[in-house]
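Chemist: give me a model of this one.
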Amino acid sequence: MKLIAVAAAQRLPQFPDLPTVAETIPGFSATGWQVLVAPPGTPAEIVEKIDADLAKVVSDPEFQKLLANVGSYSHAMNAKEALAFVEEQQATWLPVLEKIPVK
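Modeler: The predicted structure follows:
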């Protein structure tokens with residue numbers, strides 16, 4: 001197998017010579033992601049505490065090393081940033097999903 005490109009927005013630190021798809025197709029980015037969600041109406045102080053705790057974990061060098069060992073990386077976002085990201089992903093991918101025939 002020969003790697004030809006990575007779908008992330010930036011080159012991966014583990015593969016600095018591996019170009020991104022966006023270097024050929026500007027704006028292209030398709031990555032896996034996870035987000036932690038809470039029910040609507042969760043008190044702000046709880047959301048803020050979770051934000052702070054997650055930021056601490058995600059920025060921990062040992063955690064980042066564990067992710068790098070499996071070819072992944074983290075990008076910490078607070079609750080508002082995560083909501084904006086999810087909405088952007090929905091706007092990007094919903095038109096693609098709508099073109100898939102359902103049998």
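Chemist: list the buried ones in the lowest-mean-pLDDT helix or strand in the chain?
Modeler: For the chain, scoring each helix and strand by mean pLDDT, DSSP states H and E identifies helix 61-69 as the least confident one, at a mean of 89. Going by neighbour count (16 or more other Cβ atoms under 10 Å), nothing in helix 61-69 comes out as buried. C-betas here are computed from N, CA, C, even on glycine.
Chemist: spit out the contact partners of the most centrally placed residue in the chain.
Modeler: Most central residue of the chain, judged by C-alpha distance to the mean C-alpha position with Cα atoms, centre = their mean, is W33 at 3.9 Å. W33 makes contacts with 85, 89, as judged by Cβ atoms under 8 Å, 6 or more residues apart in numbering.
Chemist: from the contact counts, what lies against the helix or strand following the least confident helix or strand of the chain?
Modeler: The C-terminal neighbour of helix 61-69 among helices and strands, as given by DSSP states H and E, is helix 79-98. For helix 79-98, the packing partners by 3 or more Cβ pairs under 8 Å, 6 or more residues apart in numbering; DSSP states H and E come out as helix 44-59.
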